[in-house]
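> What shape does this take:
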Amino acid sequence: MIFGQRSRARAAAAARTAGPRVEPDVDTVQPVARTVAETVPLGMVIAGAWAWRLLLVLGVLGVLAWLVIQLEYVVIPLFLAIVLAALLVPISNWMQRHHVPKWLAVAISEIGVIVAVAGLVYLVTTQIIGQYDSIRAQTLTRYADVRGFLTEGPLQLSEAQLNDAYQQAVDAVQRDAGALVSGALSVTSSLGHVLTGVLLVLFSTLFILIDGAGMWRWVVRLFPRLARPAVDGAGRAGWTTLQNFVKVQVLVALIDAVGIAGGAAIIGVPLAIPIGVLVFLGSFIPIVGAVVTGTLAVFVALVYNGLTQALIMIAIVLIVQQVEGHVLQPLIMGSVVKVHPLAVVLSVAAGGMVGGIAGTFFAVPLVATLNSMVKHVASGAWRGAAEPPPPAVPADASHATRRPNPRKGTS
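Numbering: from 1, shown residues only. So this is what the prediction gives:
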């Protein structure tokens with residue numbers, strides 16, 4: 001009994017010295033197993049966040065490109081009107097600075113473009129009609145030469161074989177008469193689209209000349225208030241780049257056209273003026289346009305003037321292109337369009353794949369304009385205008401606050 005009492009006393013003393021029993025807190029216990037999201041490295045999380053945002057941006061750009069392609073008969077005239085306005089706005093502003101009324105300056109600019117285009121069409125048509133007889137005679141002569149080469153040259157083809165080939169061509173044309181008729185109808189439809197596009201270009205250019213600044217302010221107001229300074233500054237930077245590009249490109253194209261057409265006229269190549277017009281238009285497509293139009297000039301010289309004049313024409317084209325590539329492009333174009341030549345080639349190729357000839361025409365000015373806009377936004381020069389200036393206090397307001405109360409003075 002004494003031993004049991006002592007054991008109970010020791011147990012009670014041990015319980016008093018040990019203190020109260022502490023139960024484990026369930027909230028503080030860390031689970032051993034983690035979720036799948038917690039096991040993903042931080043680098044993969046950042047890459048995924050960037051990836052879905054980039055995919056969203058690319059999706060929006062893809063939808064915009066699809067809309068542009070679907071509305072090509074409206075978008076192409078609008079783009080052409082913007083490019084044309086970039087050339088005419090400085091002329092109109094210059095006349096207005098010299099005290100010419102705005103309506104008259106706009107009318108002179110618009111009518112001047114119409115007269116210039118009509119004059120080129122008249123010159124081309126007049127030269128083609130005037131040289132039609134000689135071109136027809138030279139064409140028949142070259143056809144006889146080619147036929148003689150096929151029968152008497154290394155191929156030794158017989159007259160019967162040539163006649164059979166001619167008859168097969170005629171039969172193919174007769175078989176595909178339906179396709180030709182539908183093609184003619186599509187050409188007629190295309191001519192209707194061209195006439196509609198010309199009217200859209202003229203009207204769009206007219207309204208840009210009249211109220212281009214007002215239309216741009218309306219576009220800027222579509223964006224959130226904090227984004228408006230960046231949008232406005234980027235748009236103005238892109239517009240300045242586009243104006244400089246168009247002015248310089250017109251100068252370069254004019255030099256190319258005068259050089260090649262003048263050389264063709266000197267050596268007696270027919271259709272010198274149409275060749276010059278094609279060279280002028282082709283020069284707006286960098287690299288590709290000059291090669292194609294130069295090749296056409298050489299081909300015309302070879303067919304109608306012979307091998308010697310064709311070689312001379314090759315030399316003329318090469319000299320003009322070397323002057324453009326090593327003198328005009330670095331000195332004039334390089335300071336305006338700060339785009340790498342590889343980017344120019346890729347943009348022309350991409351524009352041709354997406355929009356055909358129109359895509360190649362608009363590719364470089366679009367890339368140059370976007371380049372200036374992105375640089376302006378990235379530079380942060382617009383951040384100072386993000387906050388509106390504090391309201392100005394009128395000059396008489398401060399004096400009014402300090403003016404003594406007349407009732408106080410009398411009392």
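> Which residue ranges of the stretch 151-300 of the chain form helices?
If DSSP state H, counting those that start in this stretch is used as the criterion, the helices of the stretch 151-300 of the chain fall at 159-175, 177-220, 228-266, 272-282, 288-305.
> mind giving me TSV with these and columns for distance to A85?
Placement of C-beta: from N, CA and C, glycine included. Output for the helices of the stretch 151-300 of the chain, formatted as TSV (distance: least, Cβ to Cβ, whole Å):
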stretch	distance to A85
helix 159-175	45
helix 177-220	4
helix 228-266	9
helix 272-282	19
helix 288-305	22
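> and among those, the most buried is which?
helix 272-282 (a mean of 22; mean count of other Cβ atoms under 10 Å).
> quick revisit: which one of the helices of the stretch 151-300 of the chain lies closest to V74?
With Cβ to Cβ, the closest approach to V74 among the helices of the stretch 151-300 of the chain belongs to helix 177-220: 7.0 Å.
> picking up where we left off before, could you point out which of the helices of the stretch 151-300 of the chain sits nearest L328?
The nearest among the helices of the stretch 151-300 of the chain, by Cβ to Cβ, is helix 228-266 at 5.1 Å.
> For that closest one, which helices and strands make contact with it?
helix 72-97, helix 177-220, helix 272-282, helix 288-305, helix 307-323, helix 341-379 (3 or more Cβ pairs under 8 Å, 6 or more residues apart in numbering; DSSP states H and E).
> To V75, which of the helices of the stretch 151-300 of the chain lies closest?
The nearest among these, by Cβ to Cβ, is helix 177-220 at 10.1 Å.
> tell me the contacts of the nearest residue to L278 once chain neighbours are set aside?
In space, not counting the residues next to it along the chain, L278 is nearest to T293; the distance is 5.0 Å by Cβ to Cβ, 6 or more residues apart in numbering. T293 makes contact with I260, I275, L278, V279, L281, G282, S283, according to Cβ atoms under 8 Å, 6 or more residues apart in numbering.
> shaky segments in the stretch 301-411 of the chain?
Applying pLDDT under 70 to the stretch 301-411 of the chain flags residues 329-337, 384-411.
> Tell me the confidence at A15?
Looking at A15, its pLDDT is 54.
> cool, V187 as well?
Note for V187: predicted pLDDT of 43.
> ditto for the one 10 residues further on
The pLDDT attached to G197 in the predicted structure is 86.
> Just give the closest residue to it, not the sequence neighbours.
In space, G197 is closest to P77, 4.4 Å off (Cβ to Cβ, 6+ apart).
> hang on, the one you found packs against S204?
Yes: if you go by Cβ atoms under 8 Å, P77 and S204 touch, sitting 6.5 Å apart.
> Let me know the helix or strand that the nearest residue to L88 once chain neighbours are set aside is in.
Distances taken as Cβ to Cβ, 6+ apart place S109 nearest to L88, at 4.4 Å, with adjacent residues excluded. Element membership for S109 (DSSP states H and E) is helix 102-130.
> Could you pull out the buried residues of that helix?
Neighbour-count burial for helix 102-130, with 16 or more other Cβ atoms under 10 Å as criterion, is recorded at A105, V106, S109, E110, V113, L120, V124, Q127.
> now it, how far from the chain's geometric center?
Put simply, helix 102-130 sits 26 Å off its chain's centre (Cα atoms, centre = their mean, to the nearest Å).
> repeat for stretch 49-61
22 Å.
> Please save the CA atoms from that stretch in PDB.
What follows is stretch 49-61, C-alpha atoms only, in PDB (Å, rounded to 0.1, in the frame of the first residue of the first chain):
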ATOM      1  CA  ALA A  49       2.100  34.300 -69.700                       C
ATOM      2  CA  TRP A  50       4.000  35.800 -72.600                       C
ATOM      3  CA  ALA A  51       2.900  33.100 -75.000                       C
ATOM      4  CA  TRP A  52      -0.900  33.500 -74.600                       C
ATOM      5  CA  ARG A  53      -0.600  37.200 -74.900                       C
ATOM      6  CA  LEU A  54       1.400  36.900 -78.100                       C
ATOM      7  CA  LEU A  55      -1.100  34.500 -79.400                       C
ATOM      8  CA  LEU A  56      -3.900  36.900 -78.700                       C
ATOM      9  CA  VAL A  57      -2.100  39.700 -80.500                       C
ATOM     10  CA  LEU A  58      -1.300  37.500 -83.500                       C
ATOM     11  CA  GLY A  59      -5.000  36.500 -83.500                       C
ATOM     12  CA  VAL A  60      -6.100  40.100 -83.600                       C
ATOM     13  CA  LEU A  61      -3.600  40.900 -86.400                       C
END
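> Check which residues of it are buried.
Of the residues in stretch 49-61, none is buried (16+ other Cβ under 10 Å).
> what does stretch 341-349 give?
V344, S347, V348.
> and the nearest residue to G235 once chain neighbours are set aside, what pLDDT?
Spatial nearest neighbour of G235, chain neighbours left out: W216 (6.3 Å); criterion: Cβ to Cβ, 6+ apart. Turning to W216, the model gives it a pLDDT of 92.
> G43 too?
84.
> what helix or strand is it on?
helix 42-70.
> which other helices and strands contact that helix?
Using 3+ Cβ pairs under 8 Å, 6+ apart, helix 42-70 is in contact with helix 341-379.
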